[in-house]
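Undergrad: Sequence and predicted structure, then a few things I'm wondering about:
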Amino acid sequence: MIPRTVWMTCAHVLMILAFLLYASALSGTLYAATALLGVCYGVQYSMMVPTASELFGLKHFGVISSFMQLGNPIGAVLFSALLAGSVYDAEAAKQGGGSTCLGPDCFRLTFQVLAGVCGLGTIMGIILTIRIRPVYQMLYAGGSFRLPQSSSH
């Protein structure tokens, strides 16, 4: 009976932790942060489709689903090509003016910005969860869809 948006918000909180682990560049955290981030992305993508169908219905589901999928390429352009590239080039220039950057400073700011964006996503997820509470109460008022509803006479 917990709204899917709660799980998406929890995934955002864990993504903040993963990005901060990347930014810290502590020894031994690379694999843990990567695994944590992979699980979080899996939760996000598996929750988006049923959440959209519950909130918006199935009438225009194809358009809504396609619109949701635009986040991935737009985020890749914004955060990989523009942000990470600019940060890397700036750090490489600081290290001697070449085009090669060495060390954790090359992407630290990028990971901190990504953690901040996930923080914003967490806040938005909390707001969404509060706002859609009536929808979930209506959908699940009679209990689970899998369990038969008990009749009280």
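TA: Nice, I can see it.
Undergrad: burial of the nearest residue to T34 once chain neighbours are set aside, as a residue count?
TA: When the adjacent residues along the chain are set aside, T34 lies closest to A18, with 7.8 Å between them (Cβ to Cβ, 6 or more residues apart in numbering). In this view, the C-beta of every residue, glycine as well, is placed from N, C-alpha and C. Close neighbours of A18, defined as other Cβ atoms under 10 Å, add up to 24.
Undergrad: cool, C118 as well?
TA: 22.
Undergrad: Double-check it against H12; I have them as touching.
TA: Yes. Counting by Cβ atoms under 8 Å, H12 is a contact partner of C118 at 5.0 Å.
Undergrad: Please work out which residues outside stretch 94-105 touch it.
TA: With Cβ atoms under 8 Å, 6 or more residues apart in numbering as the test, stretch 94-105 has contacts from A23, S24, A25, Y88, D89, E91, A92.
Undergrad: buried stuff in stretch 126-137?
TA: Buried residues in stretch 126-137, counted by 16 or more other Cβ atoms under 10 Å: L128, T129, I132, Y136.
Undergrad: average pLDDT for that stretch?
TA: Here stretch 126-137 scores 86 as its mean pLDDT.
Undergrad: Using CSV, write out the CA atom coordinates for that stretch.
TA: C-alpha atoms of stretch 126-137 as CSV (Å, rounded to 0.1, in the frame of the first residue of the first chain):
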residue,chain,number,x,y,z
ILE,A,126,8.1,14.0,-1.4
ILE,A,127,5.8,16.8,-2.8
LEU,A,128,4.4,14.4,-5.4
THR,A,129,3.8,11.7,-2.8
ILE,A,130,1.9,14.1,-0.6
ARG,A,131,-0.1,15.4,-3.5
ILE,A,132,-1.1,12.0,-4.9
ARG,A,133,-2.1,10.5,-1.6
PRO,A,134,-5.9,10.8,-2.5
VAL,A,135,-5.2,8.9,-5.7
TYR,A,136,-3.6,6.0,-3.9
GLN,A,137,-6.3,6.0,-1.2
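Undergrad: Pass me the low-pLDDT residue ranges in this protein, would you?
TA: 1, 142-153 (pLDDT under 70).
Undergrad: ok, which stretches of this structure are helices?
TA: In the chain, the helices defined using DSSP state H lie at 4-24, 29-56, 61-69, 71-75, 85-94, 108-131, 133-139.
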